[in-house]
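Engineer: dropping the sequence and predicted coords here.
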Amino acid sequence: MHPIDECYKKVKNDCFKFINLQETKTNKFKNKNKMLKSYLIPLSFWIKKKLKKESPLIIGLSGGQGTGKTTITSIISLILQKYFKLKVFKISIDDFYKTRKDRKKLSISKHPLLITRGVPGTHDNRIIYDFFKKIKNKKFSKLRLPKFDKSKDDRCHKKLWYKINSRPDVIIFEGWCVGAKAQKNSELVRSINSLEKTEDPDLVWRNYVNIQLKTHYKNLFKQINEIIYLRANNFKILQKWRIKQEKILWLKSKNKRNLRIMNRGDIINFMQTYQRITQSMFKDAPKYASIVMKLNSNHQINSIKFR
């Protein structure tokens with residue numbers, strides 16, 4: 001039996017069980033077999049070949065909002081654990097957002113838009129960098145990492161933080177801006193949406209975010225061994241998927257009374273803070289990513305390119 005077929009046979013039940021939990025009556029995954037056999041299982045074999053003996057392999061998985069980063073990360077983790085018997089730890093850059101209190105201070109000292117989580121400069125890079133350094137240390141000891149509660153827009157209590165009791169073989173670090181590179185200063189001048197035009201006319205916010213990418217985030221992303229990039233067709237399709245994602249969150253929630261759900265207008269406005277870097281990555285990420293997976297307008301992977 002071909003290794004891909006053998007792997008598929010062993011992992012399909014667990015993968016489909018996970019996928020079924022993500023579905024709703026009106027939102028079903030299509031071509032699940034093809035997604036596994038043609039894309040995610042071959043990708044998992046590629047990751048296995050890239051393993052490092054001396055330290056964990058750090059994979060950065062990047063893509064715009066709504067591309068399915070968390071779902072794909074979870075399925076890859078299942079395959080690596082079930083078939084290859086590897087220890088995998090997955091975490092999102094979102095979990096490293098600064099506390100609301102710290103972002104409030106930043107919004108006063110630098111720019112009001114920095115109260116909104118998301119862009120480079122709103123994460124606690126010190127914690128991420130220390131995590132990458134400690135996880136690579138041969139004398140590894142237990143670690144605790146923050147967890148972020150988006151419904152409260154703040155970091156969870158320490159008792160809810162992630163625990164790493166043994167050093168993993170693979171770390172999947174996913175996030176919308178993972179691997180992003182700074183733009184040229186000349187590219188910052190023209191506003192690309194109404195938020196930049198009205199809220200950042202003097203380019204203070206744009207310059208601050210760009211400087212973060214040039215310095216702290218550049219050093220941080222150097223710790224990543226390989227980048228996997230999920231490429232959508234355009235920014236409008238990301239807005240559509242993000243709106244759909246919010247509806248699914250509402251449908252699946254058991255505690256709707258305390259859930260903060262954004263309406264269509266809220267999402268469009270919120271995503272304007274992500275637009276500049278997202279569109280820059282459309283152009284640049286395929287040049288430096290180890291793997292590019294293209295998504296069609298139906299939210300399905302339709303090609304994968306290994307560099």
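Structural biologist: Arrived safely, thanks for sending.

Engineer: residue 16 - nearest residue in space that isn't next to it in sequence?
Structural biologist: Nearest non-adjacent residue to residue 16, counting by CB to CB, 6 or more residues apart in numbering: residue 32, 6.4 Å away. Where you see a C-beta, it was placed from the backbone N, CA and C, and this is true even at glycine.

Engineer: got the phi and psi for that neighbour?
Structural biologist: Reported as degrees, to the nearest 10, the phi and psi values for residue 32 are phi -60, psi -40.

Engineer: got any ranges where the stretch 101-250 of the chain has weak pLDDT?
Structural biologist: Regions of the stretch 101-250 of the chain meeting the criterion pLDDT under 70 cover residues 247-250.

Engineer: can you tell me how far residue 77 is from residue 177?
Structural biologist: Using CB to CB, to the nearest Å, one gets 21 Å for the distance from residue 77 to residue 177.

Engineer: who has more neighbours out of these two?
Structural biologist: residue 177 (24 against 18; other CB atoms under 10 Å).

Engineer: the more buried one contacts residue 93, doesn't it?
Structural biologist: Yes. Taking contacts as CB atoms under 8 Å, residue 177 lies within contact range of residue 93: 7.0 Å.

Engineer: so who does the nearest residue to residue 156 once chain neighbours are set aside touch?
Structural biologist: Excluding the flanking residues, the one nearest residue 156 by CB to CB, 6+ apart is residue 147, at 4.3 Å. For residue 147, the contacting residues are 95, 155-156, 160-162, by CB atoms under 8 Å, 6 or more residues apart in numbering.

Engineer: quick one: mean pLDDT over the host helix or strand of residue 272.
Structural biologist: Assigned by DSSP states H and E, residue 272 belongs to helix 264-288. Mean pLDDT, helix 264-288: 93.

Engineer: which parts of it are buried?
Structural biologist: Buried residues in helix 264-288, defined by neighbour count with 16 or more other CB atoms under 10 Å: 267-268, 270-282, 284-285.

Engineer: what number of residues lie near the residue nearest to residue 16?
Structural biologist: Using other CB under 10 Å: residue 32 sits among 17 other residues.

Engineer: what sits against it?
Structural biologist: By CB under 8 Å, 6+ apart, the neighbours of residue 32 are 15-16, 19.

Engineer: list just the nearest of those residues to residue 190.
Structural biologist: residue 19 (41.6 Å; CB to CB).

Engineer: which ones are touching residue 82?
Structural biologist: By CB under 8 Å, 6+ apart, the contact set of residue 82 is 10-11, 14.

Engineer: separation between the residue nearest to residue 234 when sequence neighbours are not counted and residue 180?
Structural biologist: Closest residue to residue 234 apart from its sequence neighbours, by CB to CB, 6+ apart: residue 282 at 7.7 Å. Per CB to CB, residue 282 is found 11 Å from residue 180.

Engineer: can you check residue 60 too?
Structural biologist: Separation of residue 60 from residue 180 (CB to CB): 10 Å.

Engineer: okay, helices next: where are they in this structure?
Structural biologist: 3-22, 32-34, 41-49, 69-82, 100-109, 125-136, 194-199, 204-214, 216-221, 235-252, 264-288 (DSSP state H).
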